[in-house]
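In: Please find the sequence and the predicted model below.
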Amino acid sequence: MVTKSNEDRRPCGDYRKLNSVIVPDRYPVPHIQDCLQVLEGKKIFSTLDLAKAYHQISVQEEDVHKTDVATPFGLFEFLYMPFGLSNAAATFQRLIHHVLSGMDFCVLYFNAVLVASESDIQHLEHLKQAFQRFEGYGLWLNASKCVLENRL
């Protein structure tokens, strides 16, 4: 078990052996230049944080047994993607890129989504669309880490 900065405890596995046989997924992280281009001319920004980001992605049923973790409380298998798997970041990036496809007012950078708009009315509409898209995919946001309507 690993204690996080907020005192929550999280099971953590040693996946070095598993990672050594996983075919690397080279899904790219967005280039910062591309992110900055989306932000050009925008005046209002909101940052959306996905709650327990990796734990919102299901592990395929045939792979669940590969995620087992021995703890003092017993053996646990993850039904959702645990931290420590070599392809976790790429898998998450691919999913959120798919979820946000066509939403050119959103910038994804790791597990943060920036919504950028030119006006108040436009920003409210953009936020509504983003919230609906996440809801449609069954993804949850961490409200305490979301920052809405920052202005330049």
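Out: Yep, it's here.

In: how about the strands of the protein, start to end?
Out: Using DSSP state E, the strands of the chain run over residues 2-3, 9-10, 44-49, 69-71, 74-76, 106-109, 112-117, 147-151.

In: I'd like these as CSV, with distance to F134, mean neighbour count and mean pLDDT appended.
Out: For glycine as for every other residue, the C-beta is placed from the backbone atoms N, C-alpha and C. Shown next, in CSV, are these (distance: least, C-beta to C-beta, whole Å; neighbours: other C-beta atoms under 10 Å; pLDDT from 0 to 100):
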stretch, distance to F134, mean neighbour count, mean pLDDT
strand 2-3, 27, 10, 76
strand 9-10, 23, 11, 74
strand 44-49, 8, 18, 96
strand 69-71, 28, 13, 85
strand 74-76, 27, 10, 89
strand 106-109, 10, 20, 88
strand 112-117, 9, 21, 94
strand 147-151, 14, 12, 89
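
In: which stretch among those strands comes nearest P28?
Out: When these are compared by C-beta to C-beta, strand 106-109 sits nearest P28, at 11.4 Å.

In: And that closest one, what does it pack against?
Out: helix 32-39, helix 88-99, strand 112-117 (3 or more C-beta pairs under 8 Å, 6 or more residues apart in numbering; DSSP states H and E).

In: who does that strand pair up with?
Out: Using DSSP bridges, strand 106-109 pairs in its sheet with strand 112-117 (antiparallel).

In: What angle do helix 88-99 and the partner strand make with each other?
Out: Counting by axes from the mean of the first three to the mean of the last three C-alpha atoms, to 10 degrees, strand 112-117 lies at 30 degrees to helix 88-99.

In: Name the surrounding residues that touch strand 112-117.
Out: Contact with strand 112-117 is made by 35, 38-39, 42-50, 96, 100, 105-108, 123, 126-127, 130, as judged by C-beta atoms under 8 Å, 6 or more residues apart in numbering.

In: Quick check: closest non-adjacent residue to the residue nearest to the spatial centre of the chain.
Out: Taking C-alpha atoms, centre = their mean, the centroid of the chain lies closest to N111, which sits 3.6 Å from it. Nearest non-adjacent residue to N111, counting by C-beta to C-beta, 6 or more residues apart in numbering: A53, 4.1 Å away.

In: ok, how many other residues are close to that neighbour?
Out: By other C-beta atoms under 10 Å, the residues close to A53 number 21.

In: Tell me if I'm right that it and T91 touch.
Out: No - the pair A53 / T91 is not scored as a contact, 10.6 Å apart, by C-beta atoms under 8 Å.
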